[in-house]
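Colleague: Sequence first, then the predicted structure:
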Amino acid sequence: MNKVQVQGVHHITIVGSTKQSAIDFWQGALGMPFVMEQPNLGKPDENHLYFDPGDGRLLTVFTNESREDAGRDAPREVGCVEHIAFNVSRATFQQAPARLGARGIDFIQRDRGFMDSIYLRDPNGLKVELACYKFETPAGFRDVDVLMKAQLLRVERGDHHITDEHLADAIEALMTSRPRLDSMEKVATPG
């Protein structure tokens, strides 16, 4: 049976409170440029705000000036979104605790083995993750290529979770799989 093949996340839409609350958090605290605003064409009493999370895709927020910030944790039930994660550079990750603290935003920091994470909440309780991989993906490969190879190594070795060693060995294996100039010259040399 044929399937619908997706090619990446197009955008994420969340339900927010007011326009200013959304701008203060997504643009002010997290640095996402405010791209545009238009009415929510499916629900005329709401506005639809668009932000750029840094990769040219969109994060959008439905707002209504009659709503207030929820000020509580978002539901964590079957069918609910647990959190949304955004990529940050190592330099930004290292500065994030001080910058969030200066804004009075509570957060927790975690080592996830293959990445570092900071978790915080938007004004309506949605958990947001700032994630930073512990590796630099070699040119010609994708982050997921490194992670898939590291996972295979982890499982082969019977280890609990991915560590720096799995990442380093995965990158080495990927780099070794590339065609080398000397092997390419042998193919290209006549005779």
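Modeller: That came through fine. All of these numbers come straight from a predicted model, not from anything done at the bench.
Colleague: longest helix in this protein, by residue count?
Modeller: Assignment by DSSP state H gives helix 143-157 as the longest helix of the chain.
Colleague: tell me what that one is packed against?
Modeller: helix 164-176 (3 or more CB pairs under 8 Å, 6 or more residues apart in numbering; DSSP states H and E). For every residue, glycine as well, the C-beta is placed using N, CA and C.
Colleague: quick revisit: in the longest helix of the chain, which residues are buried?
Modeller: 145, 146, 147, 149, 150, 153, 154 (16 or more other CB atoms under 10 Å).
Colleague: Direction-wise, compare it with helix 164-176 and give the angle.
Modeller: Between helix 143-157 and helix 164-176, the angle comes out at 120 degrees (axes from the mean of the first three to the mean of the last three CA atoms, to 10 degrees).
Colleague: quick one: helix 143-157 to chain centroid distance?
Modeller: 19 Å (CA atoms, centre = their mean, to the nearest Å).
Colleague: again with stretch 62-69
Modeller: Relative to its chain's centre, stretch 62-69 lies at 26 Å (CA atoms, centre = their mean).
Colleague: first to last residue in it, what's the distance?
Modeller: Counting by CA to CA, to the nearest Å, you get 13 Å between the two ends of stretch 62-69.
Colleague: Cheers, nothing more for now.
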